[in-house]
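# I'll drop the sequence and a predicted model, then ask my questions.
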Amino acid sequence: MLTYIKESIEELRHNVTLPTKEESSNLMVVVAVFSILFALATWGVDSVFSKLIKLYFTNVLN
């Protein structure tokens, strides 16, 4: 286990490069836009299913 941890730290030090500030900003915008779009899509599907369930139960109970 210690060998794995040591090798992981070594790999992080020598093989991993962090993105620039500009790249990070661009990626943050992309993530924010897709998060908003996904939230809107989820809200839309939820609204449709909610209305369908209400319609079904009002017709079944009446």
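Alright, I've got the coordinates. Keep in mind that this is a model prediction, so the values were computed, not measured.

# shaky segments in the chain?
62 (pLDDT under 70).

# Check the gap between Thr20 and Val31 for me.
Distance, Thr20 to Val31, by CB to CB, to the nearest Å: 16 Å. The C-beta positions use only the backbone N, C-alpha and C, and glycine is treated the same way.

# correction: Ser24
In this view, Ser24 and Val31 are 10 Å apart by CB to CB.

# Could you count how many residues lie near Glu22?
By the criterion of other CB atoms under 10 Å, Glu22 has 8 neighbours.

# and the helix or strand encompassing it, how far from the chain's centre?
In the assignment (DSSP states H and E), Glu22 maps to helix 21-61. Centroid separation for helix 21-61 versus its chain: 12 Å, with CA atoms, centre = their mean, to the nearest Å.

# Tell me which other helices or strands that helix touches.
Here helix 21-61 touches no other helix or strand, going by 3 or more CB pairs under 8 Å, 6 or more residues apart in numbering; DSSP states H and E.

# how close does the residue sitting nearest the centre point of the chain get to Ser25?
Centroid-nearest residue in the chain, with CA atoms, centre = their mean: Ser35, separated by 6.0 Å. Relative to Ser25, Ser35 is positioned 16 Å away (CB to CB).
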